[in-house]
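In: For reference, the sequence and a predicted model appear below.
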Amino acid sequence: MRSNRRQVLAYAFRQTLPVMFGYLFLGLAYGILLRQAGFAPGWALLTSGIVYAGSLQFVLVDFLATAASLPTVALMTLFINGRHLFYGLSFVERFQAMGKKRPYMIFSLSDETYSVLCGMAPPPGIDRDQAMFLAALLDHSYWIVGSVLGTLVGQLPLDFTGIDFSMTALFFVIFLDQWRAAKSHLPALLGLGSALIFLLVWPENFLLPALATTAVLLLLCRPAMQAKEDTAP
Amino acid sequence: MNLYALLIVLTASALTILLRALPFLLFGGGRPMPPLVRYLGGALPAAIIAILVIYCIRSVVPFSLSGSVPQLLALGAVAALHLWKRSTLLSIFGGTALYMVLIRLPLFA
């Protein structure tokens, strides 16, 4: 049993390795900004611990520094993190079976954890729920450690510029795997298409409109998608 | 202790948690998922991942030699490695290493 726990941890660690580099690097950058705005390491621990949303936290640094109004903070949170509404949908049934771990799984469903969980296909002998929980916990820890380190060291003597590309690569690999496994490429193509269009017309804030448009298009394509599924061999 | 800053952090935290929990509050607790929601849960992940890939490389627009080319070349390397070896870690490390080398070349610096 104990050796199996270690195998599960090793598996979860391997799955989250790319996120580790991405989170440590981005967390470091976030911590440095937070420190420059005049906030001590405790604030990195607090924000990364209980907000745990990378792109929102970068905006929060400005809000904290300028003491922005709470409605502004609320609106920005809904806008930047609105995409998380869509993430949970794919895990409602999966998390249901996870008992005491369920609240934490829901809380910690960041972009990167979402993608790691989507890409998880553990070999036989590895408990999938346990591996998912450990992966979520590891990701959260990387982010906290990175951001606290950022406020502490300010700057590393080594030049790690570019290591955040590992997150881009992670998303892309998951995209390629899903593409190969998918019965229909329509969802991926609709996502790519609307993201590209909104990126070109509204680069600062394209994420949420692209997601909403894709969801609407997927709803419109539902009869076609399901007809295809029914006739599939 | 800066109380107002704490309020800002708590607001952001509470709303983020609400957004993440809403699908589970609506369709958890044994209530059967409507077929429409089940359909979206199945079809959305591939679409969201596609959107997130574009989100990650959003800085390639507007196009510039130093800002766009290293990302696109490294992305190509990830695809080639992944189609060739099908090892997630190798594809990610290979692509990232290439990216880190490319952005240090005088051509892209």
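Out: In hand now; what should we look at? Residues are numbered from 1 along each chain as shown, chains lettered A, B, ... in the order given.
In: In chain A, mark out all the helices, start to finish.
Out: A:2-36, A:41-50, A:54-66, A:70-81, A:84-89, A:92-96, A:102-107, A:111-118, A:128-153, A:165-181, A:186-201, A:207-220, A:222-231 (DSSP state H).
In: oh sorry, the question was meant for chain B
Out: With DSSP H as the criterion, chain B has helices spanning B:3-27, B:35-56, B:65-85, B:88-102.
In: comparing the ones you listed, which gets the lowest mean pLDDT score?
Out: Mean pLDDT is lowest for helix B:35-56 among these, at a mean of 83.
In: and residue B:17, how many neighbours?
Out: 19 (other C-beta atoms under 10 Å in any protein chain shown). From N, CA and C alone the C-beta is placed, and that goes for glycine too.
In: how much space between residue A:70 and chain B?
Out: 5 Å (C-beta to the nearest C-beta, to the nearest Å).
In: Please verify my assumption that that residue contacts residue B:5.
Out: No - using C-beta atoms under 8 Å, residue A:70 makes no contact with residue B:5, being 11.5 Å away.
In: Those two: who's more crowded?
Out: residue B:5 (20 against 14).
In: List the contacts of that one.
Out: A:39, A:43, A:64, A:67 (C-beta atoms under 8 Å, 6 or more residues apart in numbering or on different chains).
In: Give me the buried subset of the residues you listed.
Out: By neighbour count, with 16 or more other C-beta atoms under 10 Å in any protein chain shown, these hold A:39, A:43, A:64 as buried.
In: What are the phi and psi values at the first one?
Out: Residue A:39 has phi and psi values of phi -110, psi 140 when expressed as degrees, to the nearest 10.
In: Surely it and residue A:64 touch.
Out: Yes - applying C-beta under 8 Å, one finds residue A:39 in contact with residue A:64, separated by 6.4 Å.
In: which of the contacts of residue B:5 are the two that sit furthest away from each other?
Out: For the contacts of residue B:5, the farthest-apart pair by C-beta to C-beta is A:43 and A:67; their separation is 13.8 Å.
In: so what's residue A:123 up against?
Out: Applying C-beta under 8 Å, 6+ apart, we find residue A:123 in contact with residue A:11.
In: separation between it and residue A:116?
Out: 16 Å (C-beta to C-beta, to the nearest Å).
In: again, but for residue A:94
Out: Residue A:94 is 13 Å from residue A:116, by C-beta to C-beta.
In: hey, what's in contact with both of those two?
Out: With C-beta under 8 Å, 6+ apart, residue A:94 and residue A:116 have no common neighbours.
In: which of the two has more neighbours?
Out: Taking neighbours as other C-beta under 10 Å, residue A:94 and residue A:116 compare with residue A:116 leading, 24 against 15.
In: Contacts only, for that one.
Out: A:15-16, A:19, A:135, A:139, A:170 are the contacts of residue A:116 under C-beta under 8 Å, 6+ apart.
In: can we see that at 6 Å?
Out: Contacts of residue A:116 were listed using C-beta atoms under 6 Å, 6 or more residues apart in numbering or on different chains, and they are A:15-16, A:135.
In: How about the most centrally placed residue in chain A: what's its closest non-neighbour residue?
Out: Central residue of chain A (C-alpha atoms, centre = their mean): residue A:111, 1.4 Å from the mean position. Spatial nearest neighbour of residue A:111, excluding adjacent residues (C-beta to C-beta, 6 or more residues apart in numbering or on different chains): residue B:52 at 6.3 Å.
In: burial count for the one you found?
Out: Neighbour number of residue B:52 under other C-beta under 10 Å is 27.
In: Same check on residue A:11?
Out: Neighbours of residue A:11 (other C-beta under 10 Å): 21.
In: Could you double-check that it lies in contact with residue A:132?
Out: No - the pair residue A:11 / residue A:132 is not scored as a contact, 10.5 Å apart, by C-beta atoms under 6 Å.
In: Taking helix A:186-201 as reference, get the angle to the lowest-mean-pLDDT helix or strand in chain A.
Out: Every helix and strand in chain A was compared by mean pLDDT, DSSP states H and E; the lowest is helix A:222-231, with a mean of 76. Interaxial angle of helix A:222-231 relative to helix A:186-201 (axes from the mean of the first three to the mean of the last three C-alpha atoms, to 10 degrees): 150 degrees.
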